[in-house]
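Peer 1: coords please:
(one chain, ligands or ions: 1)
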Amino acid sequence: MTAPSVIITGASRGLGRAAALLLARLGARVTLNARTESALNQVRREIEAAGGRAQAIAGDIREPDVSERLVAAATLNFGGVDAVINNAAMIQPLSRIADSDPETWRRNLDVNVMGPFLLVQAALPHLRRAPHGRVINVSSGAAVRATHGWSAYCVSKAAINMFTAVLALEEPDITALAVRPGMVDTAMQAELRECGRGAMTPEEYQRFVESHRNGALLPPELPGRALALLALRAPRAWSGRFIQWNAPEVQALVAQSFADGD
Ligand SMILES: NC(=O)c1ccc[n+]([C@@H]2O[C@H](COP(=O)([O-])OP(=O)(O)OC[C@H]3O[C@@H](n4cnc5c(N)ncnc54)[C@H](OP(=O)(O)O)[C@@H]3O)[C@@H](O)[C@H]2O)c1
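Peer 2: You can find the predicted model right below:
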């Protein structure tokens, strides 16, 4: 079997970087995207130094031509598109609805919802041709739990869950999942601690500060491993679901893959 070709956005740091490194270790050829070219190339070099295959395509996922370039590069250099991981996202604006800057609110939905839409649309013809095409949309608990000051982010993640469900309905040959990665120790969490104080309630804010202080945030490698394995192995029967990174069936998939020697 040829090595699967996977496109992953937001791959320059955090969860996306961790998932990309593992995908390459598992034998996938990875097309990386984020805006910061230097950080993205650093991840590409890490993958290549470990013997893996990767290419970096920098650009803002809000721009339709970035999705087209990602798909073109994956098909030209890596033979197709077997899976897409829509991981790039922003949390801002961290402000109450009454105070939110409309342009930042709109940008949030452009990155978090339009980005995945554009990439899936560009990749669909190739995903349909793949032996088992998969779309992994990185969601959040915010999709189902309202938080003060997070209106755009909560709306965007609820939208990504429904986007996933409709995609699964319309594309029976593709497996589409929305994945909840837990609370992960990344730059996004640091941004929450830095900018969230005035927007969240003191109790909500304290929960994030305490989780960080107590070491309760997950290392990106743990949910990153689940994302990578779901992109390569998620069964079609799961398509359309909103699934937690450590749900028993996901952990069984992870354990099985490593037992198989991956
Ligand atoms: N961390 C958590 O606790 C947590 C919890 C639930 C869900 N999530 C979700 O997990 C995913 C990854 O988050 P993270 O915590 O790893 O965040 P992060 O550290 O802030 O990383 C975000 C990634 O997205 C890229 N990005 C941002 N805007 C972009 C744009 N317009 N176009 C292309 N790339 C863009 C960033 O790189 P550039 O800045 O270089 O573009 C970076 O690589 C997100 O979907 C997030 O909503 C995270």
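Peer 1: Can you give me the neighbour number for the residue of the stretch 1-150 of the chain found nearest the ligand?
Peer 2: Across the stretch 1-150 of the chain, the shortest distance to the ligand (CB to the nearest ligand atom) belongs to G14, at 2.3 Å. For the C-beta atoms, the positions are set from N, CA and C on the backbone; glycine is no exception. Neighbours of G14 under the rule other CB atoms under 10 Å: 23.
Peer 1: thought it was touching E191?
Peer 2: No. Taking contacts as CB atoms under 8 Å, G14 lies outside contact range of E191: 10.9 Å.
Peer 1: Which residue lies nearest the spatial centre of this protein?
Peer 2: Centroid check for the chain by CA atoms, centre = their mean gives N87 as the closest residue, at 1.9 Å.
Peer 1: is it true that that one touches L15?
Peer 2: Yes. With contact defined as CB under 8 Å, N87 reaches L15; the gap is 6.1 Å.
Peer 1: so what sits against both of those two?
Peer 2: V138, L227 (CB atoms under 8 Å, 6 or more residues apart in numbering).
Peer 1: Can you find the helix or strand in this protein with the smallest mean pLDDT?
Peer 2: Ranking every helix and strand in the chain by mean pLDDT, DSSP states H and E puts helix 248-259 at the bottom, with a mean of 91.
Peer 1: Could I get the buried residue list for that helix?
Peer 2: V250, L253, V254, S257 (16 or more other CB atoms under 10 Å).
Peer 1: Off-centre distance for it?
Peer 2: Remark: helix 248-259 is offset 19 Å from the chain centroid, using CA atoms, centre = their mean, to the nearest Å.
Peer 1: Could you do stretch 111-128 as well?
Peer 2: 13 Å.
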